[in-house]
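In: Predicted model and sequence below, questions to follow.
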Amino acid sequence: MTDSKQSGFEFVMQDPTERFSNETRTKIRKQAMRGRVSAPRHRSSRSSSPPTTQSKCPTRCDSDLGHPLPPMPLSGLELLVRDRGLDPMDLSALASIHIGTIAAIVLSSEPSPLPGVLLCRQRSYFSYIPSHFGHTLALDDAFRCLITSAHSKLVPSHSSRPETILSNYSNALHSLQSAVKNPKTRYSTEVLCATAVLSIFELLNSPNGMPWSQHIAGASRLIQLRGPSRFTSEFDKSLFISLSYPICAQSLLNNECCFLDDPAWLEVMASTHVPSETFTDRSKLGIDLMMLKPRVSGLAKRTNHAVFMQDMLQPEDFETIAADLRVARSKIVTWRRKFNTALIHADERSREDPLDFGKRYELLGVSLVVHIILSRLLCSIAPNDRSLLEEEVQNLALELKTVQGSLAHNRRAEFFFEQKSRIADAAISTHTYFEDVLDSGKIVEIWRLEKFFTALARKCCDGVTCCDTNT
């Protein structure tokens, strides 16, 4: 193999979580120009005269003699980054949105929490946008749309005109729709990424976050159509991890079973594990927690249906659901014990890392939400354990609210907990409805459980559509 220095080629090593330094940019452009110079020049078809020795391309020797080569033109992404003052990794914190309808409300508040949220970069699919920019129009238009909007939010005095932002969004939607209709591009990673990017755009531009939900539904459908076998690259895995949480959350709120609660998809989750990480989404703790989440929406759907139809069901029907709820609850209790142990043994340097510290809170928040929901569902159909379970629900809800109140020092973690606070508020505000029937010895009336679901902004069983096995 030819030595890289002898051949004039030099590998440039770059951490995908960092911006290109000026030195790195210079190396890349010099190497690109070297290839451009050494390539043969094609004669114009308009001229039949042979090339002369007087006309030649500039060489590196010419540059050394005081005739510098012209600079390489900036790429489309470089121009966009230069004009907006943001690069893809600056937006990476927005890849961890779990409940967009709440996040959109928080982000639209004044003063805007966005600058604080964006302070901590993280591993995400945004790391891979630079290497894929310029290859797929859908992704190019989507990212251009997002970065323009984000710049306007961060620098209001130099914001783009609303007409410009809407025009960019219209172009991005059109490009995405065209790509989805095309069988050759429909299943590409870039198209899935464009969908995720546009969902974030909606967080910054819709006060209620409803359009965000539509993009998440679209991403969910694309993931199902692609199938588990397509999620093999790091870009694919980063997208999958980022989208799996909101997909699970939307399934829960829509009274649906989550398609990710399937061995093939759970295997994809397991394949994303990064052994060297401790408190990230792709750490062992993060993956174990993620694999619990898809089960919750299905258990909520089954419990809701059973309570609605309780007059037509037998005791063994409730016992089957209760047994599954107890298994899931036991798993989240075990996970929390492992999490607490990991905290005790955490490296001191890890404790001083803002990103690592914020991620701990994110994992804790998700576990509290899962535990609250599972215990309240079991409380509804297990009258003999209702008193203990309802006390557990209230303690977990208070813990979540207490942690939220202690996060003023970490805006990113605080923003994440604000998305979770609705679950704690729903549990606390509906406590009396379950306290009144602690000793009834019966399954709770459907209206009591519906009070909890309504406080969660979750759809309830109507005895018709929710009973369709295809939903």
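Out: Here it is on my side, so go on.
In: Low-confidence regions, this protein specifically.
Out: 1-77, 79-81, 83, 85, 348-357, 465-471 (pLDDT under 70).
In: Report the central residue of it.
Out: residue 242 (2.8 Å; Cα atoms, centre = their mean).
In: does that residue really touch residue 123, like I thought?
Out: No: proximity of residue 242 to residue 123 does not meet the contact threshold set by Cβ atoms under 8 Å, at 9.8 Å. Every residue, glycine included, has its C-beta placed from N, CA and C.
In: overlap in contacts of these two?
Out: Both residue 242 and residue 123 are contacted by residue 281, under the criterion Cβ atoms under 8 Å, 6 or more residues apart in numbering.
In: And residue 424, its phi and psi?
Out: Main-chain torsions, residue 424, degrees, to the nearest 10: phi -60, psi -40.
In: which residues sit in contact with it?
Out: By Cβ under 8 Å, 6+ apart, residue 424 lies in contact with 368, 372, 396-398, 400-401, 404.
In: Redo these as TSV? Include secondary structure, distance to residue 454 and neighbour count.
Out: Formatted as TSV, the contacts of residue 424 follow (DSSP: H, G, I helix; E, B strand; the rest coil; distance: Cβ to Cβ, whole Å; neighbours: other Cβ atoms under 10 Å):
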residue	secondary structure	distance to residue 454	neighbour count
368	helix	21	22
372	helix	16	25
396	helix	20	23
397	helix	17	25
398	helix	21	13
400	helix	19	25
401	helix	20	17
404	helix	22	19
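In: and which of these is nearest residue 156?
Out: Relative to residue 156, the closest of the contacts of residue 424 is residue 404; by Cβ to Cβ it sits at 27.9 Å.
In: Just give the closest residue to that closest one, not the sequence neighbours.
Out: residue 417 (4.1 Å; Cβ to Cβ, 6 or more residues apart in numbering).
In: Which positions in the strand or helix carrying that neighbour come out as buried?
Out: Element membership for residue 417 (DSSP states H and E) is helix 411-429. Across helix 411-429, burial judged by 16 or more other Cβ atoms under 10 Å covers 411-424, 426-428.
In: for the chain, what's the longest helix?
Out: Longest helix in the chain by number of residues (criterion: DSSP state H): helix 315-344.
In: packing partners for that one?
Out: Contacts defined by 3 or more Cβ pairs under 8 Å, 6 or more residues apart in numbering; DSSP states H and E place helix 315-344 against helix 284-308, helix 354-381.
In: for the ones you listed, which one sits closest to residue 94?
Out: It is, among the helices and strands packed on helix 315-344 and with distance given as Cβ to Cβ, helix 354-381, at 13.4 Å.
In: Quick one: distance of the closest one to the chain centre.
Out: Offset of helix 354-381 from its chain centre (Cα atoms, centre = their mean, to the nearest Å): 17 Å.
In: try stretch 371-384
Out: That offset, for stretch 371-384, works out to 29 Å (Cα atoms, centre = their mean).
In: Name the residues of it that are buried.
Out: Buried residues in stretch 371-384 (16+ other Cβ under 10 Å): 371-383.
In: hmm, back to that, next one: the residue nearest to the centre of the chain relative to residue 96, how far apart?
Out: Separation of residue 242 from residue 96 (Cβ to Cβ, to the nearest Å): 7 Å.
In: and what of residue 258?
Out: Distance from residue 258 to residue 96, by Cβ to Cβ: 19 Å.
In: Could you do residue 319 as well?
Out: 38 Å.
In: So the two - more neighbours on which side?
Out: residue 96 (22 against 12; other Cβ atoms under 10 Å).
In: what's near enough to touch that one?
Out: So residue 96 contacts 122, 124, 242, 245, 281, 362, 416 (Cβ under 8 Å, 6+ apart).
In: nearest residue to the third one other than its sequence neighbours?
Out: Setting aside the residues directly before and after it, residue 242 is nearest to residue 95 in space (Cβ to Cβ, 6+ apart), at 4.5 Å.
In: Would you agree residue 124 is in contact with residue 240?
Out: No: contact between residue 124 and residue 240 fails when scored by Cβ under 8 Å: they sit 11.6 Å apart.
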